[in-house]
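sharing a model that was predicted from the sequence below.
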Amino acid sequence: MMVAATMRSFTRQYCKLLSPLRLHAVSCRCLSSNALRMPPCAFVPEKYESLPYEHVLEVRRKNLSAALSTYYKKPLLLHQGHMQWLFDQEGQRYLDMFGGIVTVSVGHCHPKVTEAAKKQLDRLWHTTNIYLHSPIHEYAEKLTSRLPGKLKVLYMTNSGSEANDLALYMARIYTGNYDVISLRSGYHGASPYALGMTAVSAYKPGVANGLGCHTTMCPDVFRGIWGGSHCRDSPVQTSRTCSCSPGSCEAKDKYIEQLKETLETSAARSIAAFIAEPIMGVGGVVQYPKGFLKAAYEVVRERGGLCIADEVQTGFGRTGSHFWGFQTHEVMPDIVTMAKGIGNGFPMAAVVTTEEIANSFARALHFNTFGGNPIACTIGSAVLDVIEEDGLQDNCKTVGTHLLLELSKLRDKFEIVGDVRGKGLMIGVEMVTDKKTRRPFPAEDMNVIWEQCKEHGLLLGKGGLYNNVFRIKPPMCIRKEDADFTVAVLDAAITKYLDEVNK
């Protein structure tokens, strides 16, 4: 209590000091009558001097595709970022707990990453990988040293969709098989091959896609048919009862039976690949029963398929206990794809596989103009250094566990908070109409709470098959006070929503 009071006093004095200096500087928002404020931030953004807000909206309407949707009723015009903070054109400060859709890993404009990029810009912007240049070779050695086993051969691309496309291409060439299995509710991108592996109808354009792609039941222990209170590798379990005997998991066995049935009824006798995220991202931070992924890999390999780990969101220490999400499942994939946090927001991605698989792929001419770009590789190297130097994997474990446990108190407090789940700083809060039926919370009501959080300076994502999951995946540099602020804002927003509904 004394620490909290001291922090509030410091924040009030700090904001009072800054306010007369610059009108566009750090803002302080009150959550309720107790004047709980955002954690302090000494960074002062530059004054915004670009296009007026209304003109930006007009350009967006006229000159950008309608397919590019925006968040919030009044879209944010972001001007500058610093670590876990974002600032709009008026200097208003926001705690970014979505990390640019799980992409800003070490912090917005991290000084070391920014400096590395500046130096490389002065040296060499671009040359394709038909020439030798040190950044790609330095990065290849540095990245593959962080992968276990025989995962030592690297292909650079520009996005997660490209990486997953390439991974499936490799698997089909290596195995000589065609069919691929993915999980329902899984998202792996929107490019031609990746869209087939994506199993969320909102991303399906209504044209032919996904030839040879089949889906199996999502092993969701909260919303799925089977699941109990000991299934997940998470500090927070579901509130469902569990009758499993020690050392066994009936839910895992049932979902594996569904996978086997999918293979028997929908796919050829021999398959090319199985792809899964260690924890679902867009699908709503779904965690599988412990042992599911390991058993699934065994079943897939019996059918001649390769196992692809989609680490686009879970990689680079975000889960806290391990550098890669697949390591939490005690499995060894044949191919690993990665993007997003790999470049802290710079467009880069990668596929890592074994020498044997890579050699088979060499019979096809593969070329990517920007893959392995000198600036991208320089930034990627700096990101790896910062993760280690700043202790960000451990921070994910410590702060993430604290945040999960605090969020679980909201589940105990509110009937509409159905589930809290995740590992490290990959967290989901699933909203329901009631815990008994687990009926998804209506989208319009979800938006009311979401908008209220934004008004208090908290940016959250949304996801899940029914878009009823708050996705919390911030820059990995957040602090305990940022986690507490997140919980306080979400608590206040839910309380206000319920007060309005119950009037």
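That came in fine, so what should we check first? Residues are numbered from 1 along each chain as shown.

quick one: the strands in the stretch 251-400 of the chain?
Using DSSP state E, counting those that start in this stretch, the strands assigned to the stretch 251-400 of the chain run over residues 273-276, 306-310, 335-338, 349-353.

a markdown table for those, including mean neighbour count?
In short, each C-beta sits where N, CA and C put it, glycine included. Output for these, formatted as a markdown table (neighbours: other CB atoms under 10 Å):
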| stretch | mean neighbour count |
| --- | --- |
| strand 273-276 | 28 |
| strand 306-310 | 28 |
| strand 335-338 | 28 |
| strand 349-353 | 27 |
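
out of those strands, which is closest to residue 374?
Of all these, the one in closest proximity to residue 374, counting by CB to CB, is strand 349-353 (15.1 Å).

and the strands of the stretch 251-400 of the chain: which comes nearest residue 451?
Closest approach to residue 451 among these (CB to CB): strand 306-310, 30.9 Å.

which residues does that closest one contact?
160, 164, 167-168, 170-171, 174-175, 186, 188, 272-278, 296-297, 300-301, 324-326, 331, 333-337, 357 (CB atoms under 8 Å, 6 or more residues apart in numbering).

can you put the strands of the stretch 251-400 of the chain in TSV and add distance to residue 152 and mean pLDDT?
Listed next are the strands of the stretch 251-400 of the chain as TSV, based on distance: least, CB to CB, whole Å; pLDDT from 0 to 100:
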stretch	distance to residue 152	mean pLDDT
strand 273-276	19	98
strand 306-310	15	98
strand 335-338	11	98
strand 349-353	7	98
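
run a quick neighbour tally on residue 419.
Neighbour count of residue 419, defined by other CB atoms under 10 Å: 26.

so where's the protein shaky on pLDDT?
Low-confidence segments of the chain (pLDDT under 70): 1-36.

break down it into its helices, ranges please.
2-18, 53-63, 99-102, 111-123, 134-144, 160-175, 192-197, 250-266, 292-302, 355-361, 374-389, 392-413, 443-455, 480-501 (DSSP state H).

what's the burial count for the nearest residue to residue 332 once chain neighbours are set aside?
Leaving aside its chain neighbours, residue 332 sits nearest to residue 149 (5.3 Å; criterion: CB to CB, 6 or more residues apart in numbering). Around residue 149 there are 9 other residues, counting by other CB under 10 Å.

can you give me the domain boundaries for the chain?
Using automatic domain parsing, the domain parsing of the chain gives 2-97+392-501, 172-306.

which residues does residue 479 contact?
39, 84, 399.

and those residues as TSV, adding distance to residue 140 and neighbour count?
Shown next, in TSV, are the contacts of residue 479 (distance: CB to CB, whole Å; neighbours: other CB atoms under 10 Å):
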residue	distance to residue 140	neighbour count
39	38	18
84	30	22
399	31	23
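
isn't the residue nearest to residue 332 right up against residue 331?
No - the criterion here is CB atoms under 8 Å, and residue 149 misses it with residue 331 at 10.6 Å.

where's residue 165 relative to residue 75, distance?
Shown here: residue 165 relative to residue 75, a distance of 30 Å by CB to CB, to the nearest Å.

who has more neighbours, those two?
Per other CB under 10 Å, whichever of residue 165 and residue 75 has more neighbours is residue 165, with 23 against 13.

against residue 196, how distant is that one?
10 Å.

residue 260 versus residue 412, what's the distance?
Taken as CB to CB, the span from residue 412 to residue 260 is 37 Å.

between those two, who's got more neighbours?
Higher neighbour count among residue 412 and residue 260: residue 260, with 16 against 9, using other CB under 10 Å.

which residue sits closest to residue 375, ignoring its sequence neighbours?
Nearest to residue 375 is residue 120, by CB to CB, 6+ apart, at 5.1 Å.

correct me, but that neighbour touches residue 373?
No - the criterion here is CB under 8 Å, and residue 120 misses it with residue 373 at 9.6 Å.

higher neighbour count, these two?
Between residue 120 and residue 373, counted using other CB under 10 Å, the more crowded position is residue 373 (27 against 20).

what sits against that one?
So residue 373 contacts 126, 156, 348 (CB under 8 Å, 6+ apart).

what sits against the closest residue to the last one other than its chain neighbours?
In space, not counting the residues next to it along the chain, residue 348 is nearest to residue 376; the distance is 4.0 Å by CB to CB, 6+ apart. With contacts defined as CB under 8 Å, 6+ apart, the neighbours of residue 376 are 156, 343, 346-348, 370.

cool, and residue 229?
Counting by CB under 8 Å, 6+ apart, residue 229 has contacts 237-242.

any figure for the gap between residue 60 and residue 54?
The value you get for residue 60 to residue 54, if CB to CB is used, is 11 Å.

just want to know which of these two has more residues nearby.
Set residue 60 next to residue 54 and count neighbours by other CB under 10 Å: residue 60 wins out with 15 against 8.
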